[in-house]
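>>> 3D, please:
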Amino acid sequence: MRDDVDRKLFVVGLGNPGRQYVQTRHNVGFRVVDLLASRWSAGEGKAAFGGQIWEVRPAGAQGLSRTVVLFEPHTYMNRSGQAVRELSAFYKAEPDEMLVVLDDMNLPVGRVRLRAEGSSGGQKGLADVVGQLGTRAVPRLRIGIGSPPGRMDGADFVLSKFTPAEFENIQAAIQAAADAVNDWVFRGMNYAMETYNRKPDE
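I've put the predicted structure just below:
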């Protein structure tokens with residue numbers, strides 16, 4: 001990451017556009033970005049780079065502020081990388097200046113986990129982002145959505161909605177993920193990982 005204190009940082013929430021997908025498991029990335037846009041009074045945003053974008057300058061502790069670009073690709077989950085590549089090219093963003101927020105079937109519902117780099121873990125949206133940017137060194141924030149029950153197909157599961165029993169956990173996870181993004185912006189990845197990668201009972 002560049003040393004410029006006033007550098008832009010980028011938060012990319014993955015999901016699918018359209019009203020029918022709003023509350024599905026695959027769209028928790030969008031929900032985190034929507035929450036941040038609301039918290040940071042970012043307004044309605046605008047259409048750009050095949051998605052929805054907001055540019056905002058939130059304030060952190062001790063009066064510190066950072067310029068943050070929030071982005072939701074609308075090219076559908078499996079082609080998220082196409083829009084992210086256009087965004088990155090326009091702003092000349094370094095990969096480690098970008099935090100991708102996404103769902104993860106390998107984590108229990110409500111778990112939040114940050115990593116500075118790594119594989120896609122089978123998440124096709126992240127795989128496309130990594131492929132389009134040409135590096136695995138892309139920070140990511142995963143939100144657990146649980147695993148498919150029985151023999152349910154994974155593609156069907158991610159497009160399903162959370163059950164009433166899961167509602168409280170996923171709501172808390174959305175809030176925690178937004179907190180984690182805020183700490184990534186103002187305190188850095190190491191602090192955010194140490195704070196949010198703990199299990200709930202730790």
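>>> who does the lengthiest helix in the chain touch, helix- and strand-wise?
Using DSSP state H to define each element, the chain has its longest helix at helix 164-187. Judged by 3 or more C-beta pairs under 8 Å, 6 or more residues apart in numbering; DSSP states H and E, the packing partners of helix 164-187 are strand 9-13, helix 28-39, strand 98-104, strand 112-115, strand 140-144, helix 189-196. For glycine as for every other residue, the C-beta is placed from the backbone atoms N, C-alpha and C.
>>> Next, the angle from it to strand 98-104.
In terms of direction (axes from the mean of the first three to the mean of the last three C-alpha atoms, to 10 degrees), helix 164-187 departs from strand 98-104 by 170 degrees.
>>> where does the chain dip in pLDDT?
For the chain, the stretches with pLDDT under 70 are 1-5, 199-202.
>>> Contact partners for the residue minimising distance to the centre of it?
Nearest to the mean C-alpha position of the chain, counting by C-alpha atoms, centre = their mean, stands Val101 at 1.3 Å. Shown in contact with Val101 (C-beta atoms under 8 Å, 6 or more residues apart in numbering): 11-14, 28-29, 32-33, 140-141, 143, 177, 181.
>>> May I have the beta-bridge partners of it?
Gly13, Leu141 (DSSP bridges).
>>> Can you give me the distance of it to Asp156?
22 Å (C-beta to C-beta, to the nearest Å).
>>> that older thread, with distance to Asn197 and neighbour count as added columns, please give the contacts of Val101 in TSV.
Converted to TSV, the contacts of Val101 look like this (distance: C-beta to C-beta, whole Å; neighbours: other C-beta atoms under 10 Å):
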residue	distance to Asn197	neighbour count
Val11	18	26
Val12	20	30
Gly13	19	29
Leu14	20	31
Val28	17	27
Gly29	18	30
Val32	16	29
Val33	21	27
Arg140	12	26
Leu141	10	28
Ile143	12	25
Ala177	12	26
Val181	14	26
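>>> Format the residues you listed as JSON lines; extra columns: distance to Trp54.
Converted to JSON lines, the contacts of Val101 look like this (distance: C-beta to C-beta, whole Å):
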{"residue": "Val11", "distance to Trp54": "9"}
{"residue": "Val12", "distance to Trp54": "12"}
{"residue": "Gly13", "distance to Trp54": "11"}
{"residue": "Leu14", "distance to Trp54": "16"}
{"residue": "Val28", "distance to Trp54": "18"}
{"residue": "Gly29", "distance to Trp54": "14"}
{"residue": "Val32", "distance to Trp54": "13"}
{"residue": "Val33", "distance to Trp54": "8"}
{"residue": "Arg140", "distance to Trp54": "20"}
{"residue": "Leu141", "distance to Trp54": "17"}
{"residue": "Ile143", "distance to Trp54": "20"}
{"residue": "Ala177", "distance to Trp54": "17"}
{"residue": "Val181", "distance to Trp54": "13"}
